[in-house]
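The following block contains a protein sequence and its predicted model.
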Amino acid sequence: MVRKKTQSKRLSAAKRYKILKNVAEHKRKERREAKKNPSRKSLKKDPGIPNLYPYKDKILHQLEEQKRKLEEEKARQRQARVALHNKKRNLNLTDLVEDATTRTKLFDNDRPSDANDSVTAIDPAAAGLKDNSRKAFYGEFKKVIKNADVILEVLDARDPLGCRSTELERMVIDSGVNKRLILILNKVDLVPKEIVSKWLTYLRNEYPAIAFKSSTQSQRTHLGHSSTPISLASESSLHTSECFGASTLLKLLKNYSRNLNIKTSITVGVIGYPNVGKSSLINSLKRAKVCAVGATPGSTKTSQEVQLDSKVKLLDCPGILWGENDAEMSLRNCIKAELLEDPVAPVELIVSRCPQQLLVKRYNIPPFRDANDFLIQVARQRGRLKRGGIPDIVSAARSVLQDWNTGQISFYTTPPTQSSSGGEVTLVQQWGKEFDLDNLVLEDVDMLQ
């Protein structure tokens, strides 16, 4: 018997696509109807035991007994876990209290008495962090000073004295006879060259000082180095993304290693206020982004070791604040403007320090009488208004602080006319031979001429 030939299941492409289209349209209609008439699925309520059931009391008693036994078993297991945990730790509450008290006393005795009142860590709420603690920051700072042969104190070129601490420098000098301190004048692209030259002359009366500009390139590796000295670089070239001053700093460190006949590598610690550019300086020297950087204060939380080459090892240190009020710290971008309780006080300092013509031109506002009038006009200019058209002074103050911290408001200080003491001059002369600082200064003078 000949088998009947079955019909093929193959479809034409047009028919197959038509079926898919119809199915998609059908599902779309179902979703639309489900949105219009949602039908929530509710669990059926347990009706319980009927009242007419003859053994209802007995069953209820059994259920209560099972529930009680289950709770007792859970409590027993919980106590067993706690006992096992305490057995492993071999500690009780009294031991914990005694251990905490002992460690606190050891820490207080280990700290210098003159630094107890001056060292202040970044406030966790103000900086937007959770793990910033005074002990942790100070411990990392002491670790860097102890392990480093040369300390680089990074200063903001716009206000070097404002982010410089004599207590910190004294701690570095007192930590060992072989400790050396170098001042790094960072962010020189935000200050005119003649002001940078004056600051270098002033700072070199006390310690070796180097002008520096960190790289702002976005790639992870192969960060650019400019071989042009800062004294010869034009204003336009300083505003590029390349690094300036790295070759001078490396030459200074290698001179120190060579003149003291150090065969092994030297360790260089980088310290300073938050957001002065410590991690950016290390990344620029390494020519790679090995340290986390950011505009948020407190990006570096622990000390980090970076091997620059076979002769130089770098140590990155978290930023430490030295007793100041919130207004001064916010102007150094040590506290986030969004979390500052009183943003008006820092703006009053900005108005007192900056020329009025500069602020009028920057914000395109008419001349103002005081800081409050300035904030009112900025709020109206930027649309920071409350209900009823009332200027939002607090919001305007935070906006001005953001501009200040990002460098949009031009500001810099000039060095004071003050002569150094005899001890400082002797110290500079002694260290100048080790770092071969005289030749570097002569090179700067020759290039400026």
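That came through fine.

count of residues packed around residue 416?
The local packing of residue 416 (other CB atoms under 10 Å) involves 7 other residues. Every residue, glycine included, has its C-beta placed from N, CA and C.

Is it located within a strand, as I assumed?
No. The secondary structure assignment for residue 416 gives coil rather than a strand, going by DSSP: H, G, I helix; E, B strand; the rest coil.

Which residues are in contact with it?
Contacts of residue 416 were listed using CB atoms under 8 Å, 6 or more residues apart in numbering, and they are 161, 202.

Pull up the per-residue confidence for it.
At residue 416 the predicted local confidence, pLDDT, stands at 83.

Could you tell me which residues within stretch 161-170 count as buried?
163, 164, 165, 168, 169 (16 or more other CB atoms under 10 Å).

and of those residues, the nearest to residue 149?
Each of the buried residues of stretch 161-170 was checked against residue 149 using CB to CB; the closest is residue 169, at 16.1 Å.

what residues are up against the closest one?
153, 181, 207.

which SS state does residue 350 fall under?
For residue 350, the assignment made with three-state DSSP gives helix.

Spatially nearest residue to it, not counting backbone neighbours?
Take residue 350 and drop its neighbours on the chain: the residue closest to it by CB to CB, 6 or more residues apart in numbering is residue 404, 5.9 Å away.

What is the strand or helix carrying the one you found packed up against?
Residue 404 is part of helix 393-405, with elements assigned from DSSP states H and E. Helix 393-405 is packed against helix 344-353, helix 371-382, with contacts defined by 3 or more CB pairs under 8 Å, 6 or more residues apart in numbering; DSSP states H and E.

switch the cut-off to 10 Å
The helices and strands touching helix 393-405, judged by 3 or more CB pairs under 10 Å, 6 or more residues apart in numbering; DSSP states H and E, are helix 326-331, helix 344-353, helix 356-363, helix 371-382.

Mind listing what's buried along the helix ranked longest in the chain?
With residue count as the measure and DSSP state H as the assignment, the chain has helix 56-89 as its longest helix. Within helix 56-89, no residue counts as buried by 16+ other CB under 10 Å.

Now do it, average pLDDT.
Per-residue scores along helix 56-89 average to 88.

Please compute how far it lies from its chain's middle.
49 Å (CA atoms, centre = their mean, to the nearest Å).

Quickly find the element holding residue 313.
Using DSSP H and E, residue 313 maps to strand 312-316.

what's that strand in contact with?
Taking CB atoms under 10 Å, 6 or more residues apart in numbering as the criterion, the residues outside strand 312-316 that touch it are 140, 143-145, 147-152, 250, 253-254, 257, 264-271, 278-279, 281-283, 285-286, 290-292, 300, 302-308.

Just these: which are in strands?
Per DSSP state E, strands hold the following members of the contacts of strand 312-316: 150-152, 266-271, 304-307.

May I see those residues arranged in TSV, with neighbour count, distance to residue 340 and pLDDT as well?
What follows is those, written out as TSV (neighbours: other CB atoms under 10 Å; distance: CB to CB, whole Å; pLDDT from 0 to 100):
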residue	neighbour count	distance to residue 340	pLDDT
150	23	36	87
151	27	31	88
152	28	30	89
266	17	40	84
267	16	37	86
268	24	34	88
269	26	30	88
270	28	27	88
271	28	25	86
304	19	28	78
305	12	34	82
306	19	33	82
307	11	38	83
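
The residue nearest to residue 350 contacts residue 358, doesn't it?
No. Between residue 404 and residue 358 there is no contact under CB atoms under 10 Å: 11.9 Å.

Looking at these two, which has the bigger crowd around it?
For residue 404 versus residue 358, the count of surrounding residues by other CB under 10 Å is larger for residue 404: 21 against 12.

do you know how far the more buried one is from residue 73?
When CB to CB, to the nearest Å is the yardstick, residue 404 and residue 73 sit 63 Å from each other.

from the ones in strands among the contacts of strand 312-316, which two are the most distant?
When the ones in strands among the contacts of strand 312-316 are compared pair by pair using CB to CB, the farthest-apart members prove to be 271 and 307, with a separation of 18.9 Å.

re earlier: what residues sit buried inside the helix holding residue 404?
Along helix 393-405, the positions that meet the burial threshold by neighbour count (16+ other CB under 10 Å) are 393, 394, 395, 396, 397, 398, 399, 400, 401, 402, 404, 405.

Could you export it as CSV, CA atoms only?
Included here for helix 393-405 are C-alpha records, laid out as CSV according to Å, rounded to 0.1, in the frame of the first residue of the first chain:
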residue,chain,number,x,y,z
ILE,A,393,21.5,82.8,49.5
VAL,A,394,22.6,79.3,50.7
SER,A,395,22.3,77.8,47.3
ALA,A,396,24.2,80.7,45.7
ALA,A,397,26.9,80.3,48.3
ARG,A,398,27.4,76.6,47.5
SER,A,399,27.6,77.5,43.8
VAL,A,400,30.3,80.1,44.4
LEU,A,401,32.2,77.6,46.5
GLN,A,402,32.1,75.1,43.7
ASP,A,403,33.5,77.7,41.3
TRP,A,404,36.3,78.5,43.9
ASN,A,405,37.2,74.8,44.4
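
Averaged pLDDT, that helix. What do you get?
Here helix 393-405 scores 86 as its mean pLDDT.

Can you give the distance from stretch 246-257 to the centre of its chain?
Computed by CA atoms, centre = their mean, the separation of stretch 246-257 from the middle of its chain amounts to 27 Å.

And that stretch, what's buried?
Of the residues in stretch 246-257, 246, 248, 249, 250, 251, 252, 253, 254, 255, 256, 257 count as buried by neighbour count, 16+ other CB under 10 Å.

For the host helix or strand of residue 27, which outside residues touch it?
When elements are assigned from DSSP H and E, residue 27 belongs to helix 13-36. Counting by CB under 10 Å, 6+ apart, the neighbours of helix 13-36 from elsewhere in the structure are 10, 11, 12.

tell me the secondary structure for residue 6?
In three-state terms, and counting by three-state DSSP, residue 6 is coil.

Also the one 3 residues further on?
Taking three-state DSSP as the rule, one finds residue 9 in the coil state.
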